[in-house]
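Colleague: Structure, please.
(chains A and B)
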Amino acid sequence: MDTVTYPQQSVVTFIEHNLIPLRVGSDTQPLASDFAVTWTPTLVLLDPQGKEHHRTVGFFDAEALIPSLLLGLGKVEYDSNKFKEALGYLEKLLAEYPESDSAPEAIFLTGVNRYKSTGNPLPLKEAYEQLQRMYPASTWTKRAYPYRLLG
Amino acid sequence: MGNVAYAVLSSDEQEVSIMEKKIQWETELVHALQRSKVEKRPILLDFHNPH
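Modeller: You can find the predicted model right below:
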């Protein structure tokens, strides 16, 4: 990450504009134990209260890291019932990084967001149909499988 | 100059060097939490290999 990903100016700009970057060694206590860190790199997104909302383990290049962070930012907002703000991050992810590994989960979470913000179950079915069409082998397509019966 | 090695950057290289930015990492959770509350941005906590 230090030699490949973090020096990328797109990554620097994204992190500086959207996040507070905090870096510690994996042997830093009590943080490593508090967050049950067993491998590096482990990236965790926290809200201002220190609550975890998103986690990844392992290397990411710039093209994978930014969509992963967008997904995490969406989760932070979604977990706070800020559905409009969450959708903003998820839609940006899907528009700019549709080929990323984070995209299928973003579609799943978009459907859930829209359902929870409106009470209309149709977005869940639409999310499944989009996943089936674009990412048929994704685990998120399998998880959305029951939604095909809605509406 | 003896054995001192040095390099002279071209004007283009100097411009790139000046323009490139690095991530300004916090190193203490308490400071990151304070900034997160004030600046209303979540925290990216990176556990890296220190060795």
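
Colleague: and stretch B:37-49, which residues are buried?
Modeller: B:Arg41, B:Pro42, B:Ile43, B:Leu44, B:Leu45, B:Asp46, B:Phe47, B:His48 (16 or more other C-beta atoms under 10 Å in any protein chain shown). C-beta coordinates here come from the backbone N, C-alpha and C atoms, glycine included.

Colleague: How about stretch A:15-34?
Modeller: For stretch A:15-34, using 16+ other C-beta under 10 Å, the buried residues are A:15, A:18-26, A:28, A:31-32.

Colleague: show me the contacts for residue 44.
Modeller: Defaulting to chain A. Contacts for A:Val44 (C-beta atoms under 8 Å, 6 or more residues apart in numbering or on different chains) come out as A:Phe35, A:Glu52, A:His54, A:Arg55, B:Leu44, B:Leu45, B:Phe47.

Colleague: not quite, I wanted chain B
Modeller: Taking C-beta under 8 Å, 6+ apart, one finds A:Ile15, A:Leu19, A:Ile20, A:Pro21, A:Leu22, A:Leu43, A:Val44, A:Leu45, A:Leu69 in contact with B:Leu44.

Colleague: Phi and psi next, for the residue of chain A found nearest chain B.
Modeller: Chain A approaches chain B most closely through A:Gly25 (3.3 Å), counting by C-beta to the nearest C-beta. The phi and psi values for A:Gly25, taken as degrees, to the nearest 10, are phi -70, psi 150.

Colleague: So it sits against B:Pro50, correct?
Modeller: Yes - between A:Gly25 and B:Pro50 there is a contact under C-beta atoms under 8 Å: 3.3 Å.
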